[in-house]
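Undergrad: requesting a structural model of the entry that follows:
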Amino acid sequence: MNYVFLAAFVVSTAIHLYASLKKNAKLRNVTKPFILLSLFGFYALSANPPHWAILLALAFSWLGDVLLIPKGNQWFTAGGIAFMISHAFFIVGYCKDIVFSSIPIAVIVLLGVFFAAAVTFIFSKLKPHLPKALFYPMFLYLLINGAMNCFAIFRCISNPTPATVTTAIGAALFFVSDTSLFFVRFKKDGRLQTHFLVMLTYSIGEFLIVLGLL
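TA: Numbering: from 1, shown residues only. Below you'll find the model as predicted:
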């Protein structure tokens with residue numbers, strides 16, 4: 001049964017990516033909720049046992065997807081809050097596999113500085129295009145995504161296996177997806193004109209996170 005959900009994930013993602021490439025908003029809106037819903041089902045039936053925090057992380061990612069469908073900054077903010085909660089639950093799920101005593105303090109500091117610098121640079125490019133009310137909430141959101149990435153890397157350092165590397169790559173793609181979304185949504189004269197890259201990196205990223213956790 002878990003492979004039925006995996007097949008549903010692949011099919012819904014493929015159709016959604018096609019719709020994104022063709023700028024078919026109606027088809028994008030119809031298919032988007034099924035991406036995380038099917039991935040949730042795949043994880044729930046494949047994990048033995050499924051971790052409650054990962055289930056909640058996927059559930060809030062699904063909620064974020066749904067809340068981002070309507071237009072308007074209020075819906076964008078609500079979706080961002082849902083994804084922020086999702087990142088927090090992913091961190092909780094990662095922590096059970098992290099041996100913090102095995103991670104050098106210098107690595108923790110350097111990763112924190114790296115993501116803080118990356119987020120600052122990204123928002124220096126976005127600032128002229130963002131509504132003032134959204135600048136700091138979005139800045140905080142991407143910092144939390146960066147923190148989720150840090151914990152995925154901590155998990156990888158604690159136990160360097162193909163599984164932990166897979167999850168860390170997925171987390172990095174999630175960061176790329178969110179960054180791309182901000183540019184697509186707010187920098188109208190930028191190179192990114194469709195949601196294709198946003199959803200490609202997001203879907204693969206979420207899948208790799210789950211695959212690595214399994």
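Undergrad: OK, contacts around A19?
TA: Counting by Cβ atoms under 8 Å, 6 or more residues apart in numbering, A19 makes contact with A25, L27, R28, T31. Every C-beta, even on glycine, is put in place using the N, C-alpha and C of the backbone.
Undergrad: buried subset of those residues?
TA: With burial judged by 16 or more other Cβ atoms under 10 Å, the buried subset of the contacts of A19 is R28, T31.
Undergrad: adding distance to A47, write the contacts of A19 out as TSV.
TA: Supplementary listing: the contacts of A19 in TSV, determined by distance: Cβ to Cβ, whole Å:
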residue	distance to A47
A25	34
L27	31
R28	29
T31	25
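Undergrad: from the contacts of A19, pick the one nearest F9.
TA: T31 (11.1 Å; Cβ to Cβ).
Undergrad: what about the nearest residue to V119 once chain neighbours are set aside, neighbour count?
TA: Spatially, and ignoring its direct neighbours in sequence, V119 is nearest to L142 (4.8 Å; Cβ to Cβ, 6 or more residues apart in numbering). L142 has 22 neighbours, counted by other Cβ atoms under 10 Å.
Undergrad: can you name the next helix or strand after the host helix or strand of L142?
TA: Assigned by DSSP states H and E, L142 belongs to helix 132-158. Following helix 132-158 in sequence order, the next helix or strand is helix 162-186 (DSSP H and E).
Undergrad: can you give me how far the helix holding L142 is from the chain middle?
TA: Distance of helix 132-158 from the chain centroid (Cα atoms, centre = their mean, to the nearest Å) equals 10 Å.
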